[in-house]
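Undergrad: Next input, structure requested:
(chains A, B and C)
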Amino acid sequence: MQQHSSLSKTAWLFMTPCLLVLFVVAAWPLLRTFMLSLTNARLEDITHAQWIGSANFRDLFVDAEWWGAVTNTLLFAAFSVPCEAILGLMIALVLHKTFKGRGLLRAAVLVPWAIPTIVSARMWGWMLHDVYGIINELLVRLGAIAAPLPWTASPTLSFVTIVLVDVWKTTPFMALLLLAGLQALPQDCFEAALVDGVSRKRIFFRITMPLLRPTLIIALIFRTLDALRVFDLVYILSSGDSNTETMSIYARRHFVDYANVGYGSAAAVCLFFVVALVTVFYINMGRRNILGDA
Amino acid sequence: MNSTALVLRRGLRRLAFYCFCVMIASLCLFPFYWAVVSSFKGGTEIFATDLIPRCLTWQNYFTIFQDTTFGYAFVNSVIVSFSTVSIALLVATLASFALARIPFRGRKRVLCAILSVTMFPQVAILSGMFELIRVLDLYNQRSALILSYMTMTVPFTTWTLTSFMREVPKELEEAAIIDGAGSFTILTKIFFPIVSPALVTTGLLAFIAAWNEFLFALTFTLTDKARTVPVAIAMLSGASQHELPWGNIMAASVLVTLPLVALVMIFQRRIISGLTAGAIKG
Amino acid sequence: MTVFLGLCCAAFATHATAAVLKMTCRAKGQELTLCKQAVQQWEKKTGHTVEIVSLPQSSSESFALTQQQLSAHASDVDVYQVDTTWVSFLSTHAVPLDAHFSAQELAAHFPVILQNNTVNGTLIVAPWYADVDMLFYRKDLLEKYGESPPTSWEDLLRIAQKIQENERASGHVRLWGYIFRGKAYEGLTCHVVEWIESFGGTLWPLDTDRVIQAFAFCARLIPTTSPMGVLSYTEEEVRGVFQLGDAVFAHNWPYMWTLTQSEESPVKGKVGITVLPQGQLHGKPASVLGGWGLCVSRYSNHQEAAIDLVRWLTRSEEQHRRALQASYCPTIHALYQDPVLCAAHPFFVHVARALETVVLRPAGAFGRSYSQVSASIANVTQKVLLKAITPEAAAQKLDQDMKTLHKRVTETPATQRATGQ
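TA: Numbers count the residues shown, from 1 in each chain, chains lettered A, B, ... in the order given. Reported below is the predicted structural model:
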């Protein structure tokens, strides 16, 4: 018993730096943001803000631009995550095989992930330039389109562009996660099935997928949360465009550009709850599935 | 089915497979190739759309370092990223040892709490963090960034290192306890050497995350004194106040990305194991 | 020994009175060199030192950061470079400058610029250089089709369409008639004010009929004479397309002139510049007043030295030098008759004409809420350009938005506290 309690003390001692740091940089600021959302704080004078209760939230819920941002964010997540999952799975299956040049392919696949978002955004912005972009040039030359498309200007196309660049950038991450999952699967099932003469398609759908489900769910959780919180990409590629504005950008716009800290914090709090809800939902779904399989 | 048809089918399947691989590789690499090519084009040549450029020049690379304060931004990024990683690893190693090897009440809850921090949207702590930085008088200082980057790096490194530490065989630890070693000695003399590869991996991932961070760098820095590379690239401009020099931007982007790409290529196995350790085994 | 000590004391004394000033500047490249040269001359003259602090290129980001600094009463920066629309925010943070300029010096500037930089009767921003939107056109194409530069928007559309159709038929597929800054930011707001004023209307208070007329004109632009891509264009994209010869008319700031006349520009020698066209009969050519000035922070510890620096940088000789070397448009009207400048930059005569009839954006009425108003104006205009709403609905929405934001300006307790200072 004594050893146990002294061990406990040591444990807490070891964890103190970590917990302290996280309290200062995560817990406290989060709490402050919650508190600030209930005041009329402005950027220049945060400490002398006045309590206004839920007025910010009321203003937020009647703002059409806020709902636009919410819709954009949800649509963005709804489109990009499945694309990334499917493409990631395909790439993972390819990388799972052993073939010549596998290392090269793996290295190539990691490149989009390594490039800083701002650089990707700039690169793609340049390639998708409506008059001088190489993509329009290639598409026109191949005869796929008649005239250059305004990728970052047209409302629908700018949304497609954002999803496209995000898929390009994060599919590698998904592919790697799923690859690790595939590599961790017990190989004997597959061998037995092959020996029994089961078709590849059947093996994939009846054996691989169910075994991969836990990994897939974890990958989906991470990606969905990242998609809901997206900022960098949209900020660089299409800032100011109300068709692609996400909740993070909306919150920062009011916080910095309009110096309205209270209102911006309210928007941030709403985003936090959306993310928290999605997390809880996924975890429950995950738990049920894993329990169900068992 | 006769054997030639089978061989043909297999050959076609192989071909299709390799074509698919080539397609994936080109899709992944083309934008970077285009950025590199554009960075070597000068003046109005950059607006030309030939896939293989006619004439190349180093002009853009000279310009970035001469005319702009990009060099400062590079130095700032290096300092901020290294400091962040060092502090995070230190803190995380201590914590992960406790979480992985010492059974105590509430361990699971603490681990969950730490993991939940990785799910915070950055904007949700933006106002609170901004106020904190103002109060500590760190606005427009590199330390503001080092402090705020703890939010992203500490939970992730703790979580990943915990799963690595769990893998260390119990026998080593038990032997040390029998010899009368305290927890701290066990950590430093036994675990540290074993998990140092994992430390390198986690450190690398944390370095990349800190290097690429944008939102906090954009909001908490004002001048070149503290500006980091991503923000500097976003603000790159040319000789006159409105000029947007695409050549320079591409050159800066390439310079910033090459070290990262090189690091990633060299350490790919480590990186992959690090990324997946946290997700799968954790 | 005593002589040596004496010298040391003297050196120390001059050093003790020598101040280190900090000045913000959005300068990069050539602009920064010019700024540094002027500052170094002043340093030699007075023995003080000046450190130049660079700000982001985006005007709205610079504004947000300047707001933060001044609101925190920071004494770090002594002299700020400020945009035309920031003046009303600066009223409580900038030192009044009237007393430090002679009446003669003040009279040398364009009255409208001084008017813009004055709040409650006191001048708080010293004019440094001006910027007015101009209409750039392809001289060679207009000559080819026997047209002269348009004086009305209707005319411009007609010419643009005619040239665009004919040139495309003869192989120049990429050519567009009229390009402008259509991205949702301050640049578009400038255009909107210009379009509305050129039709004889005002933005604040909203002159509904004229605004509807102006919006009706906007709705006709895409895709007849302007590509949908303009909705993502800022200054540089407009220049890029025009400089490569793919536009007949471009609506942009004068900085574009020097770059389009550079050695490697495909349109060198083919560019004409003039004032913007007017709307129909009731209108007038209207350019928005842009440009930057210098102000002295009230929280500076070296106000005297800072004011002297501002006087030095904004004086006639310095404006002449900047105009000559980098075509920065001066704010002093006598300089537009200077033979050296006119020979070097013939387009200055058009800039002078534009400055005579320049209009102001409604920044004064909205104070620090101006950025939000500007964003609202730009967003509504983009919808009009996309034909997503009718001009009438747009005018109504604009009216509503501006009234709501104006109410907030006059009602917030924070504003009351600020103005009470």
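
Undergrad: Quickly check: stretch C:357-366 near chain A or not.
TA: No - for stretch C:357-366, no contact with chain A is found by CB under 8 Å from any CB of the partner chain; the gap never falls below 11.3 Å. For the C-beta atoms, the positions are set from N, CA and C on the backbone; glycine is no exception.

Undergrad: From the rest of the structure, what touches that stretch?
TA: Applying CB atoms under 8 Å, 6 or more residues apart in numbering or on different chains, the contact partners of stretch C:357-366 are C:84-88, C:110, C:112, C:115-116, C:119, C:132, C:189-190, C:193-194, C:197, C:203-204, C:275, C:284-289, C:370, C:373-374, C:402, C:405-406, C:409.

Undergrad: tell me the strands in chain B, going along the chain?
TA: Assigned by DSSP state E, chain B shows no strands.

Undergrad: typo on my end, it should be chain C
TA: With DSSP E as the criterion, chain C has strands spanning C:20-25, C:49-54, C:79-83, C:118-119, C:122-123, C:126-132, C:134-138, C:176-179, C:247-252, C:271-274, C:289-296.

Undergrad: dump the residue contacts of residue 183.
TA: Going with chain A. So residue A:183 contacts residue A:96 (CB under 8 Å, 6+ apart).

Undergrad: think we crossed wires, I meant chain C
TA: Taking CB under 8 Å, 6+ apart as the test, what residue C:183 contacts is A:240-241, C:231-234, C:378.

Undergrad: From residue C:362, how far out is residue C:193?
TA: To residue C:362, residue C:193 is 8 Å away according to CB to CB, to the nearest Å.

Undergrad: Nearest residue to the middle of the chain?
TA: Let's take chain A. Central residue of chain A (CA atoms, centre = their mean): residue A:226, 2.1 Å from the mean position.

Undergrad: wrong one, chain C
TA: Closest-to-mean residue, chain C, CA atoms, centre = their mean: residue C:290 / 2.2 Å.

Undergrad: What residues of stretch C:386-397 count as buried?
TA: Of the residues in stretch C:386-397, C:386, C:389, C:391, C:394-397 count as buried by neighbour count, 16 or more other CB atoms under 10 Å in any protein chain shown.

Undergrad: same for chain A: which of those residues are within range?
TA: residue C:386.

Undergrad: quick check, nearest of the buried residues of stretch C:386-397 to residue A:187?
TA: Minimum distance to residue A:187 across the buried residues of stretch C:386-397 is 56.0 Å, recorded for residue C:386 (CB to CB).

Undergrad: in terms of contact, does the closest one touch residue A:155 like I think?
TA: Yes - using CB atoms under 8 Å, residue C:386 is in contact with residue A:155, at 6.8 Å.

Undergrad: low-scoring pLDDT stretches of the stretch 151-282 of chain B, where are they?
TA: Residues of the stretch 151-282 of chain B meeting the criterion pLDDT under 70: B:236-245, B:275-282.

Undergrad: Kindly recompute the last result at 90.
TA: Within the stretch 151-282 of chain B, the stretches with pLDDT under 90 are B:152, B:156, B:159-209, B:211-212, B:214-215, B:217-227, B:229-282.

Undergrad: Going along the chain, name the helices of it.
TA: With DSSP state H, counting those that start in this stretch as the criterion, the stretch 151-282 of chain B has helices at B:170-178, B:183-185, B:192-212, B:215-220, B:229-234, B:246-266, B:268-276.

Undergrad: Could you list the alpha-carbon positions for the first one in CSV?
TA: In CSV, the C-alpha atoms belonging to helix B:170-178 read as follows (Å, rounded to 0.1, in the frame of the first residue of the first chain):
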residue,chain,number,x,y,z
LYS,B,170,8.5,-5.2,-18.2
GLU,B,171,11.4,-7.4,-17.3
LEU,B,172,13.9,-4.5,-17.7
GLU,B,173,11.9,-2.3,-15.4
GLU,B,174,11.4,-5.1,-12.8
ALA,B,175,15.1,-5.8,-12.8
ALA,B,176,15.9,-2.2,-12.1
ILE,B,177,13.3,-2.0,-9.3
ILE,B,178,14.9,-5.0,-7.6
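
Undergrad: Let's see the pLDDT reported for the residue in chain B that chain A sits nearest to.
TA: Nearest to chain A, among the residues of chain B, is residue B:128, at 2.8 Å (CB to the nearest CB). At residue B:128, the pLDDT value in this model is 86.

Undergrad: For the helix or strand containing the residue nearest to the centre of chain A, buried residues please.
TA: Assigned by DSSP states H and E, residue A:226 belongs to helix A:209-228. The neighbour-count check on helix A:209-228 (16+ other CB under 10 Å) flags A:211-213, A:215-228 as buried.

Undergrad: Average pLDDT for it, rounded please.
TA: 86.

Undergrad: Please name the residues that touch residue C:180.
TA: Listed by CB under 8 Å, 6+ apart, the contact partners of residue C:180 are C:191, C:226, C:230, C:233, C:238, C:250-252.

Undergrad: same thing but at 6 Å, please
TA: Contacts here follow CB atoms under 6 Å, 6 or more residues apart in numbering or on different chains; on that basis residue C:180 touches C:191, C:251.

Undergrad: ok, now residue C:350?
TA: C:273-275.

Undergrad: Specify which member of these is nearest to chain B.
TA: For these, the minimum distance to chain B (CB to the nearest CB) is 16.0 Å, reached by residue C:273.

Undergrad: number of nearby residues for the closest one?
TA: 23 (other CB atoms under 10 Å in any protein chain shown).

Undergrad: which residue sits closest to it, ignoring its sequence neighbours?
TA: Nearest-residue entry for residue C:273: residue C:347, 4.6 Å, with adjacent residues in sequence omitted and distances by CB to CB, 6 or more residues apart in numbering or on different chains.

Undergrad: The one you found contacts residue C:257, doesn't it?
TA: Yes - using CB atoms under 6 Å, residue C:347 is in contact with residue C:257, at 5.3 Å.

Undergrad: Look at residue C:216 and say how many residues are nearby.
TA: When neighbours are defined as other CB under 10 Å, residue C:216 has 16 of them.

Undergrad: next one: residue C:311
TA: 17.

Undergrad: Report the separation between it and residue C:322.
TA: Remark: distance between residue C:311 and residue C:322 (CB to CB) = 15 Å.

Undergrad: Get me the contact residues on chain A for chain C.
TA: Residues of chain A lying near chain C by CB under 6 Å from any CB of the partner chain: A:42-44, A:130-131, A:150, A:152-154, A:240, A:242, A:256-259.

Undergrad: go again using 8 Å as the cut-off
TA: So chain A meets chain C at A:40, A:42-45, A:50, A:129-132, A:148, A:150, A:152-155, A:158, A:238, A:240-242, A:253, A:256-259 (CB under 8 Å from any CB).

Undergrad: Buried among those? Make that a PyMOL selection.
TA: In PyMOL, a selection of the buried entries from the residues of chain A next to chain C looks like this (16+ other CB under 10 Å):
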select buried, chain A and resi 40+42+43+44+45+129+130+131+132+148+150+152+153+154+155+158+238+240+241+242+253+256+257+258+259
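
Undergrad: and the residues of chain A next to chain C near chain B, which?
TA: Restricting the residues of chain A next to chain C to those near chain B by CB under 8 Å from any CB leaves A:132, A:256.

Undergrad: For chain A, what's the nearest residue on the stretch 201-350 of chain C?
TA: Ranked by CB to the nearest CB, the top residue of the stretch 201-350 of chain C for proximity to chain A is residue C:229, at 3.3 Å.

Undergrad: just the stretch 251-400 of chain C next, same as before
TA: residue C:372 (4.9 Å).
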